[in-house]
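# Quick one, structure for this:
(chains A and B)
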Number of protein chains: 2
Amino acid sequence: MDNKTVMVKMTVDAWNMLLDRTTKLVDGLTDELLAADSAPGRNSGVYLVGHLAAVSDRLIDMLGGGERLHPEMDEPFLFKPDKSGLPMPTIPELRQSWTDIHAKLQQHILAMTPDEWFGRHSAVSEEEFQKEPHRNKLNVLMSRSLHMSNHLGQLTYLKPGKVSE
Amino acid sequence: MDNKTVMVKMTVDAWNMLLDRTTKLVDGLTDELLAADSAPGRNSGVYLVGHLAAVSDRLIDMLGGGERLHPEMDEPFLFKPDKSGLPMPTIPELRQSWTDIHAKLQQHILAMTPDEWFGRHSAVSEEEFQKEPHRNKLNVLMSRSLHMSNHLGQLTYLKPGKVSE
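Below you'll find the model as predicted:
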């Protein structure tokens, strides 16, 4: 296995693990638990899941995987904080969006070659990329894994009765 | 910049960013806020910081950076959950350990060459590594960044008055 392939495997494995853990956690929460705040006065489960789903949806486009599925999620879940009063999807709709977005995203991720991963992403110019070759698609995925991990730590607090995690 | 160097930069940059954010957050919390639980019935700030510090301390050894500084932190912060009743360091001692551990760890990380990063870590055998070259030191650092990000999401809840993060 060459170094590029090794590095892609490390980073994609990490993303898959985070996505899998988060999906399992969300699937294991009732609608009622998901609607609750993750801690008093903090983001609700619905907001956190919508926020992560919107970020994944944007990733489809950024990684060159075609059109994103739910641009309407940006406004309530990315541009505005929780409890903005903006209309939100129902919890079944939110669960469906989570599934659809990650089905499309994962299909693209699995199809990408190591050389594609080390190419520039759509938010960096050719000139910038010459000087900063670390601003590639694989780096975007790594940063999205860190982002998901951060909010997964918060989503964990929606599970009843677990003091330590 | 060759590929190995690019990959090391991506992964070390991500770690440095996480460590920097976490350190700034902890430094900005009073002892009183740090002693509080991150959410009702969940881990305290002290436990989360001790937990992350113990994991970083073990990383010194795993990355070949010499002897770790605080093996006594494993018992209360890794092997036991929060509120175990085990003796814990005072908050000033904990802050000092955080500083010392990361000073030693960061000095070693900065000195490591790309080839060292792609070598096996001390918890994987030579035989295993032949078959699974992704189990290298850089992968360990990536997984520690994800771990820190998870608990940083929880530590954020110690900050008063911020609903969204």
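# Need the pLDDT of the residue nearest the centre of chain A.
The residue lying closest to the centre of chain A (C-alpha atoms, centre = their mean) is residue A:56, at 3.9 Å. Residue A:56 carries a pLDDT value of 98.
# Check the gap between it and chain B for me.
Applying C-beta to the nearest C-beta, to the nearest Å, the value for residue A:56 to chain B is 16 Å. C-beta here means a position set from N, CA and C on the backbone, and glycine is covered the same way.
# who touches that residue in this structure?
Shown in contact with residue A:56 (C-beta atoms under 8 Å, 6 or more residues apart in numbering or on different chains): A:101-102, A:105, A:144.
# Residue A:151 versus that one, what's the distance?
Using C-beta to C-beta, to the nearest Å, residue A:56 is found at 12 Å from residue A:151.
# So in chain A, which helix runs the longest?
Longest helix in chain A, counting residues (DSSP state H): helix A:3-27.
# Who are the packing partners of it?
Applying 3 or more C-beta pairs under 8 Å, 6 or more residues apart in numbering or on different chains; DSSP states H and E, we find helix A:3-27 packed against helix A:45-62, helix A:91-111, helix A:114-117, helix A:137-155, helix B:3-27, helix B:137-155.
# Residues in contact with that helix: which ones?
Contacts for helix A:3-27 (C-beta under 8 Å, 6+ apart): A:1, A:34, A:45, A:49, A:52, A:95, A:98, A:102, A:106, A:109, A:112, A:114-115, A:117-118, A:138, A:141-142, A:144-145, A:148-149, A:151-152, A:155-156, A:158-159, B:3-4, B:7, B:118, B:133-134, B:136, B:138-139, B:142-143, B:146.
# and residue A:84, what is it in contact with?
residue A:76.
# Enumerate every residue touching residue A:69.
Counting by C-beta under 8 Å, 6+ apart, residue A:69 makes contact with A:57, A:60, A:97, A:100-101, A:104.
# no, scratch that, I was asking about residue A:145
A:11, A:14-15, A:18, B:146.
# what do you get for residue A:1?
When contacts are counted by C-beta under 8 Å, 6+ apart, residue A:1 touches A:9, B:133-134.
# Now list the buried members of these.
Buried by 16 or more other C-beta atoms under 10 Å in any protein chain shown: A:9, B:133-134, out of the contacts of residue A:1.
# List just the nearest of these to residue B:75.
Ranked by distance to residue B:75 (C-beta to C-beta), the buried ones among the contacts of residue A:1 are led by residue B:134 at 31.3 Å.
# where in chain A is pLDDT low?
Applying pLDDT under 70 to chain A picks out residues A:162-165.
# sorry, back to before: okay if I get the helices and strands packed on helix A:3-27 as JSON lines plus distance to residue A:24?
Compiled in JSON lines, these are given as follows (distance: least, C-beta to C-beta, whole Å):
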{"stretch": "helix A:45-62", "distance to residue A:24": "13"}
{"stretch": "helix A:91-111", "distance to residue A:24": "12"}
{"stretch": "helix A:114-117", "distance to residue A:24": "26"}
{"stretch": "helix A:137-155", "distance to residue A:24": "10"}
{"stretch": "helix B:3-27", "distance to residue A:24": "24"}
{"stretch": "helix B:137-155", "distance to residue A:24": "15"}
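# Between those helices, which one is closest to residue B:123.
Within these, the stretch nearest residue B:123 is helix B:137-155; the backing value is 8.2 Å (C-beta to C-beta).
# Grab the nearest non-local neighbour of residue A:77.
In space, and not counting its chain neighbours, residue A:77 is closest to residue A:50: 3.8 Å by C-beta to C-beta, 6 or more residues apart in numbering or on different chains.
# my read is residue A:77 is in a helix, agree?
Yes: with DSSP: H, G, I helix; E, B strand; the rest coil as the criterion, residue A:77 is assigned to a helix.
# Isn't it up against residue A:51?
Yes: taking contacts as C-beta atoms under 8 Å, residue A:77 lies within contact range of residue A:51: 4.6 Å.
# who's more crowded, those two?
A direct count of neighbours by other C-beta atoms under 10 Å in any protein chain shown for residue A:77 and residue A:51 places residue A:77 higher, at 27 against 20.
# ok, now which ones touch that one?
A:47, A:50-51, A:53-54.
# With residue A:97 instead?
Residue A:97 neighbours (C-beta under 8 Å, 6+ apart): A:53, A:57, A:69-70, A:73, A:89.
# returning to what we had before: so how far is chain B from the residue nearest to residue A:77?
12 Å.
# would you list the contacts of residue A:97 in JSON lines and tack on distance to residue A:30?
Listed next are the contacts of residue A:97 as JSON lines, based on distance: C-beta to C-beta, whole Å:
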{"residue": "A:53", "distance to residue A:30": "18"}
{"residue": "A:57", "distance to residue A:30": "25"}
{"residue": "A:69", "distance to residue A:30": "25"}
{"residue": "A:70", "distance to residue A:30": "23"}
{"residue": "A:73", "distance to residue A:30": "22"}
{"residue": "A:89", "distance to residue A:30": "17"}
